[in-house]
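Enquirer: here's my sequence, what's the structure:
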Amino acid sequence: MKAQCTNRKAPQKFYILPIGMQISIIMDMVLQEWNDMDKQDTVMEKSKRFAVHIMQLVEYLARNKRPFFIIQQIGKSGTSIGANIVEAEHAISKKDFLLKMYISYKECNETLYWLDLL
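Expert: Residues are numbered from 1 along each chain as shown. Have a look, this model is predicted:
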């Protein structure tokens, strides 16, 4: 059985908090969702859901006038994780598969770096 993505709502008093605390709450929600995912979900399904969360975060940050270059980098690196996993799934050799998966791993680390800068 596949785990469904839940649309958790921010607490009502969420918007009166400082922006740093709001981002922290959003990231906690994303990480909790990641940990709650069914163990049978494939890496591709998890990365797709993560990309959806990243797109929601980018949209939120853009509305709150955060630095554009950081928003752009988070969007690019966070969504390319899944894209590289899809490419790896259709690799023509084992070496090609490992290369694409390693690129995806590096994109994960880059995404964490940009998120830490917020």
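
Enquirer: quick one, grab the pLDDT at Ile85.
Expert: As predicted, Ile85 sits at a pLDDT of 91.

Enquirer: how far away is it from Leu117?
Expert: Going from Ile85 to Leu117 by Cβ to Cβ, to the nearest Å gives 24 Å. The C-beta positions use only the backbone N, C-alpha and C, and glycine is treated the same way.

Enquirer: next one: Tyr60
Expert: Taken as Cβ to Cβ, the span from Tyr60 to Leu117 is 16 Å.

Enquirer: more neighbours: the two, which one.
Expert: More neighbours surround Tyr60 than the other of Tyr60 and Leu117, with 16 against 10 (other Cβ atoms under 10 Å).

Enquirer: look up phi and psi at the more buried one.
Expert: phi -60, psi -50 (degrees, to the nearest 10).

Enquirer: how far away is it from Pro67?
Expert: 14 Å.

Enquirer: skipping its backbone neighbours, what lies nearest Ser80 in space?
Expert: Once flanking residues are discounted, Ser80 sits nearest to Glu107: 5.0 Å by Cβ to Cβ, 6 or more residues apart in numbering.

Enquirer: identify the residues contacting the one you found.
Expert: Glu107 sits next to 77-78, 80-81, 84 when contact means Cβ atoms under 8 Å, 6 or more residues apart in numbering.

Enquirer: which positions in the one helix or strand Met101 maps to come out as buried?
Expert: Taking DSSP states H and E as the definition, Met101 sits inside helix 94-117. Going by neighbour count (16 or more other Cβ atoms under 10 Å), the buried part of helix 94-117 is 100-101, 103-104, 107-108, 110-111, 114-115.
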